[in-house]
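# return atomic coordinates for the entry below.
(one chain, ligands or ions: 1)
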Amino acid sequence: MDVSSLYRPLKGLTLYMVSLGCSKNLVDSERILNSFLSLGCQIVEGAGEADILVVNTCSFIEAATKEALENLFYLSSQKKEGAFLVVIGCLVSRYGRKFSQHFVEADLFVPPGQYQNLPALVASLMGRESALIDEPFENWPRSLATPPWRAWLKISEGCNRNCAYCLIPSIRGPYKPKSLERLKYEASLLVSSGVKEITMVAQDLTAWHEGELKFGDLVQSLAELEGLVWLRLMYAYPDDLTEKLVKRLAICGGALIPYLDMPLQHASASLLRRMNRKAISPLKLVKSIRDWWPEAALRSTLMVGFPGETESEFEQMLKLVEEAKFENLGVFKFSPEEGARAAKLPDQIPASIKEKRRRTLMAKQRAISKAINKKRIGSTLTVLVEGASEDSPLVMVGRATFQAPEVDGLIYFDGQQPKAGQIVEVKIIKSSDYDLVGRVNYPSLKQGACKSQG
Ligand code: SF4
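Coordinates of the predicted model:
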C-alpha cells in the first residue's frame, strides 16, 4: 500500500470495528482495519472509548439485517460525545438512501463498491487531511482477524448467477476474479506470516478463470506453495464439479486436503429449476464425486421451504441426505427477501412447515454424523490445534481435515503440551453427534540400558 511511514492523517484517533456476516465480509474488514492502522489509528477494546466506530454489515437475509441493526443501535447508544459511527457493507448497498435517511445516528454510509474511498471519507469527517490510498481496495494488505495459523483467501468478488432467492449479485455486483499472480502473492504472504491453513472462499468459487486458466489450475498452483500445510475449498457451485475437475483435485497433492463444500440447496431438479439453478441431479453428482475422489469429506447446504416446495420434493431432499451421507451439512429456511424474485412467487410455505422440515433434515443428519464419528473411534487423526477449550484450560480443541473452521465439528483432547497452531496426532477414543474426543499421541519414550559405572 502506498502509505509512507510518516503519513499518519488519522494519528491519535481510536478505532472500534465490528465485522458481521461471512468469511468474505471478514476479509474486507481485515483490509479496512489494516488501512486504518497504517494511517495512524489505534484499536480500542471498548466501543465507548473509540473516536471512530466502523460496522461492516451483512444483509443478505432478514436474520442478518436484524443482527446488523441490533449491533448498530447498541453501538450508537455506546458512542461517546464527538465520536463517529460509520456503517459499511451489504446493509448500505441493499437499503441505500432509505436506510441513511432513517438511521440518523450514523455519520457515514459506505457500500462495498466504495471501500477505496473509506479512509478519505473518514479523514474528512474527522477534519483531518486527506487519506487517499492509491492501491486498489482488493489489493490492500490485511490485519488478520482469525487466529494466526489460519486465514481465508477470497479469490473473487460478486456473482453472475441469478438464483431466485439470492440478493448477492445485486448487493455485490458482477463476478470479478482476482489474477493467479495476485492470489499466489497473497497466499505466500499469509504463509510467510505463519498461516498453515488457507481456506479458499468466494461467492462462486469454481467460476474462477483467467484466460486459458481454470479453477483446477489455480488450486494446483496454491497447493504447491512452499510452507502451506492445508488448503481447503469452500462454496463450489455443484454444476462446475465435472469429472475432469474433481479427478484433478483428487490427484492434486501438495497442501490440498480432501474436503469439498458444495451448496446443493435442493435435491429436486424441478425445484432447482424454479430456484434458477442448474437442474443437475444432486444425488447422482454426490455419488460420482464419492467415486472420483473417495477420500473427500463432503459438506453441503440445503434450503427448505422454497415457495411451492411440495411434500414429495421435500422427501427427495430427505432421500438425498440419507444416501449422500454428507460428513457435514447445514440446513437453512427460505427467507423471502425484498428485491429477490422468489419473494413474490406464489405458494409461500408457512413458517411452521419450514421449521418442521429443517428439524427433520437435521435429525437425519445428526444420526448420520453420529454414525460416521463412531467409526472414527480407534483411528489416529492429524489435528490442527485451535487452543484451549472454552470450558477448561486443560482440554484442547482442534480440527482434522474433514472439519472446516467455524462451521463443522471439533476434536477435544488432553491438553497443556500441544500449543495453538501446532499440528499433532490424536488417537480418537470417544465420539458424539458432531464432535470427537481423543488423546495426543506423544512420541514414545526410548529407554536406553543403564550402564553400571561400578
Ligand atoms: S451462486 Fe450463490 S451467490 Fe450467486 S446467486 Fe446463487 S446463491 Fe447467490
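
# what's the neighbour count on residue 80?
13 (other Cβ atoms under 10 Å). The way it works is simple: take the backbone N, C-alpha and C, and place the C-beta from them, glycine included.

# I meant to write residue 212 there.
Residue 212, neighbours per other Cβ under 10 Å, totals 6.

# for it, grab phi and psi.
Here is the backbone geometry of residue 212 (degrees, to the nearest 10): phi -80, psi -10.

# what's the per-residue pLDDT of it here?
Listed pLDDT for residue 212 reads 97.

# how close does it get to the ligand?
Remark: distance between residue 212 and the ligand (Cβ to the nearest ligand atom, to the nearest Å) = 24 Å.

# now do residue 381
31 Å.

# sec struct for that residue, please.
Following DSSP: H, G, I helix; E, B strand; the rest coil, the label given to residue 381 is strand.

# what pLDDT does it get?
As predicted, residue 381 sits at a pLDDT of 97.

# list the contacts of the nearest residue in space to it that is not next to it in sequence.
Excluding the flanking residues, the one nearest residue 381 by Cβ to Cβ, 6 or more residues apart in numbering is residue 400, at 4.4 Å. Contacts for residue 400 (Cβ atoms under 8 Å, 6 or more residues apart in numbering) come out as 381, 382, 383, 384, 411, 426, 436.

# try 10 Å this time
Residues counted as contacts of residue 400 (Cβ atoms under 10 Å, 6 or more residues apart in numbering) are 257, 259, 297, 376, 379, 381-384, 408-411, 426, 428, 436, 438.

# just the buried ones from those?
The neighbour count (16 or more other Cβ atoms under 10 Å) marks 257, 259, 297, 376, 381, 383-384, 408-411, 426, 428, 436, 438 as buried among those.

# can you count the residues close to the residue of the stretch 201-350 of the chain found nearest the ligand?
When you check the stretch 201-350 of the chain against the ligand by Cβ to the nearest ligand atom, the closest residue turns out to be residue 203, at 4.0 Å. Other residues lying near residue 203 total 23 when counted by other Cβ under 10 Å.

# equivalent analysis for residue 251, please.
9.

# kindly report the same for residue 427.
Residue 427 has 14 nearby residues by other Cβ under 10 Å.

# would you agree it is in contact with residue 382?
No. Residue 427 is not in contact with residue 382 according to Cβ atoms under 10 Å; the separation is 11.5 Å.

# for the ligand, give me its nearest residue in the stretch 351-454 of the chain.
For the stretch 351-454 of the chain, Cβ to the nearest ligand atom, closest residue to the ligand: residue 407, 16.1 Å.

# before we move on, what SS does the closest residue to residue 226 other than its chain neighbours have?
Leaving aside its chain neighbours, residue 226 sits nearest to residue 191 (7.5 Å; criterion: Cβ to Cβ, 6+ apart). Following three-state DSSP, the label given to residue 191 is helix.

# surely residue 191 and residue 230 touch.
No. In this structure, residue 191 is not within contact of residue 230 by Cβ under 10 Å, at 11.1 Å.

# just the buried positions in the longest helix along the chain, please.
Determined from DSSP state H, the single longest helix within the chain is helix 351-375. For helix 351-375, the neighbour count (16+ other Cβ under 10 Å) marks 354, 357, 358, 360, 361, 362, 364, 365, 368, 369, 372, 373 as buried.

# tell me the SS of the residue of the stretch 201-350 of the chain closest to the ligand?
Secondary structure of residue 203, per three-state DSSP, is coil.

# and the closest residue to it other than its chain neighbours, how many neighbours?
Spatial nearest neighbour of residue 203, chain neighbours left out: residue 159 (4.2 Å); criterion: Cβ to Cβ, 6+ apart. Neighbours of residue 159 under the rule other Cβ under 10 Å: 22.

# next: the one 10 residues further on.
The number of residues packed near residue 169 is 17, by other Cβ under 10 Å.

# so what does it look like in phi/psi?
Dihedral angles (degrees, to the nearest 10) for residue 169: phi -60, psi -40.

# quick one: the nearest residue to it once chain neighbours are set aside from residue 172, how far?
Distances taken as Cβ to Cβ, 6+ apart place residue 159 nearest to residue 169, at 4.9 Å, with adjacent residues excluded. Residue 159 sits 7 Å away from residue 172, going by Cβ to Cβ, to the nearest Å.

# now for these two: what residues contact both?
Contact criterion Cβ under 10 Å, 6+ apart; residues shared by residue 159 and residue 172: residue 203.
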